[in-house]
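Student: model this:
(3 chains)
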Amino acid sequence: MLPIPVKFKLVSGTAEGETRLTAFDKAILRAGVGNCNLIKVSSILPPRCRPDRGIVLPPGALVPVAYGFITSDVPGEVIAAAVAVGLAEDPASYGIIMEHSGRVSRAVVEAEIVRMVEEAFACRSLPLKEVLVESTEHQVVKLGCAFAGVVLWY
Amino acid sequence: MLPIPVKFKLVSGTAEGETRLTAFDKAILRAGVGNCNLIKVSSILPPRCRPDRGIVLPPGALVPVAYGFITSDVPGEVIAAAVAVGLAEDPASYGIIMEHSGRVSRAVVEAEIVRMVEEAFACRSLPLKEVLVESTEHQVVKLGCAFAGVVLWY
Amino acid sequence: MLPIPVKFKLVSGTAEGETRLTAFDKAILRAGVGNCNLIKVSSILPPRCRPDRGIVLPPGALVPVAYGFITSDVPGEVIAAAVAVGLAEDPASYGIIMEHSGRVSRAVVEAEIVRMVEEAFACRSLPLKEVLVESTEHQVVKLGCAFAGVVLWY
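Tutor: Residues are numbered from 1 along each chain as shown, chains lettered A, B, ... in the order given. Model (predicted):
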């Protein structure tokens, strides 16, 4: 099987670009994950996976990431992206990751994403201890992107 | 290289949620793959990959899955998702996986997905032995999701 | 961690199909990557990753690929897809991959994708040595797909 990640880090970034893809590229670069190959995953924090702000990703590495993003070419529009990690009361349990984005403020996506984590724990009858949130907001100049992700690493 | 899967399992599930992502989360949970990190792949059954209903996925594992899903917030609407695995006459050959979903009944996506597998075998001039299908249907209450997938495992 | 690829190959293909997914399946087959499990990645060429036209992908392998594609069911419409790899002046540096597609000619996506690579290098203050481009164009008969990708391999 593929190795199960043992560390995680919440990241976010925003940027303007000439195209949607280059705006995304710059946003993930500002989030500190722009020089890797992101592999999108849905969306469980493995048991005993520990937070580590010091994760260093080798350039070109294949990096499992749960992420959300939004791009917009409407000047003046506010866009926001958030990720959240719900940690269980039981320290041996997995956790749950949610991602969210929208043409709304950071406060709105933050409130929504906490509700999403709560719903995911409730439907598993899993007691929720704590929710870690990372979010970012951007007012579009010409073409902007907001990105938030949870990097899973080794 | 990444290890090539040797077992597979067809799964499906439906659910209602407060948001599109939590409806998806609950649908994959009912399908038995909700506590993993799904990595979307397109869509070949490796040679000698065997069906195994007893696959147990460790929480948080990175799991290659070919899948289709659909969400809807139209109350009363019927949605359906299906996956199919086409097995070749030659037991040493790879097989082909197709996924399909729509705002239609389960019978409709099932008929369509079998045609898709037949087309994929025909264009490879590969004799088709058998098609395994897994599908599910859901009538939306408020916000629903239908999910079907082929888990590839070790 | 997941192994970092050491070889790459640019590929492209177009096809008609009865459905969007089977058109995609045939397009990737013509591109020479149709019998694998493509894992979409974004989009860095690892340092010291070398071009190799002779890469042979085992059937069913999990293959990291940066790719773009477009499908269309508008008869007569021209669609095109391109990928580009920007190589840095410094031979020890990573490179950057971009993908692009549209309802335009091959010449248009090629010009655009070179600008995208230039923008990605500029925002990293990374001197650009060379841009490798692979592109393809298709005039839709009934339902067509154009695909271009950069295979990362071992």
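Student: and chain A, which residues reach chain B?
Tutor: A:1-5, A:39-47, A:49, A:64, A:66, A:93-94, A:96, A:98-100, A:112, A:115-116, A:119-120, A:123-124, A:152 (CB under 8 Å from any CB of the partner chain). Any C-beta I mention is one placed from the backbone N, CA and C, and that applies to glycine too.
Student: Report the secondary structure state of the closest residue to chain C within chain A.
Tutor: Here the residue of chain A nearest chain C is A:Gly60; by CB to the nearest CB that distance is 2.6 Å. Going by DSSP: H, G, I helix; E, B strand; the rest coil, the secondary structure assigned to A:Gly60 is coil.
Student: ok, now how distant is it from A:Pro46?
Tutor: Applying CB to CB, to the nearest Å, the value for A:Gly60 to A:Pro46 is 23 Å.
Student: re the thing from before, and the residues of chain A next to chain B near chain C, which?
Tutor: Answer for the residues of chain A next to chain B near chain C (CB under 8 Å from any CB): A:Leu2, A:Pro3, A:Ile39, A:Lys40, A:Pro64.
Student: Format these as JSON lines; extra columns: pLDDT.
Tutor: Output for those, formatted as JSON lines (pLDDT from 0 to 100):
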{"residue": "A:Leu2", "pLDDT": "97"}
{"residue": "A:Pro3", "pLDDT": "97"}
{"residue": "A:Ile39", "pLDDT": "98"}
{"residue": "A:Lys40", "pLDDT": "97"}
{"residue": "A:Pro64", "pLDDT": "98"}
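Student: filter those to the buried ones?
Tutor: The neighbour count (16 or more other CB atoms under 10 Å in any protein chain shown) marks A:Leu2, A:Ile39, A:Lys40, A:Pro64 as buried among these.
Student: hmm, which two among those residues are most spread apart?
Tutor: The two members of these with the most space between them (CB to CB) are A:Leu2 and A:Lys40, at 14.3 Å.
Student: Surely A:Ala122 is within a strand?
Tutor: No: looking at A:Ala122 with three-state DSSP, it is helix, so not inside a strand.
Student: Look at it and report its pLDDT.
Tutor: If you check A:Ala122, the pLDDT there is 98.
Student: what do you get for A:Lys142?
Tutor: 98.
Student: Surely it and A:Asp73 touch.
Tutor: Yes: between A:Lys142 and A:Asp73 there is a contact under CB atoms under 8 Å: 7.0 Å.
Student: who in chain A is up against chain C?
Tutor: A:2-3, A:17-19, A:21-22, A:24-26, A:28-29, A:34-40, A:58-62, A:64, A:153-154.
Student: Next, count neighbours for the residue of chain A found nearest chain B.
Tutor: As assessed by CB to the nearest CB, chain B sits closest to A:Pro46 within chain A, at 2.6 Å. A:Pro46: 22 surrounding residues under other CB atoms under 10 Å in any protein chain shown.
Student: Next up, the contacts around it.
Tutor: Neighbouring residues of A:Pro46 by CB atoms under 8 Å, 6 or more residues apart in numbering or on different chains: A:Ile4, A:Pro5, A:Val6, A:Tyr94, A:Leu152, B:Asn37, B:Pro59, B:Gly60, B:Ala61.
Student: what's the closest of these to B:Ala80?
Tutor: B:Asn37 (25.5 Å).
Student: Please look at the closest one and B:Pro64 and confirm they touch.
Tutor: No: shown here, B:Asn37 and B:Pro64 do not form a contact pair, counting by CB under 8 Å, at 10.3 Å.
Student: what residues are up against A:Gly34?
Tutor: Counted by CB under 8 Å, 6+ apart, A:Gly34 has contacts A:Asp25, A:Lys26, A:Ile28, C:Arg124.
Student: I should have written A:Ser101 there, sorry.
Tutor: Contacts of A:Ser101 by CB under 8 Å, 6+ apart are A:Gly68, A:Phe69, A:Ile70, A:Ile79, A:Ala80, A:Ala81, A:Ala82, A:Val109, A:Ala146, A:Ala148.
Student: can you do 6 Å?
Tutor: A:Gly68, A:Phe69, A:Ile70, A:Ala81 (CB atoms under 6 Å, 6 or more residues apart in numbering or on different chains).
Student: Understood, closing this out.
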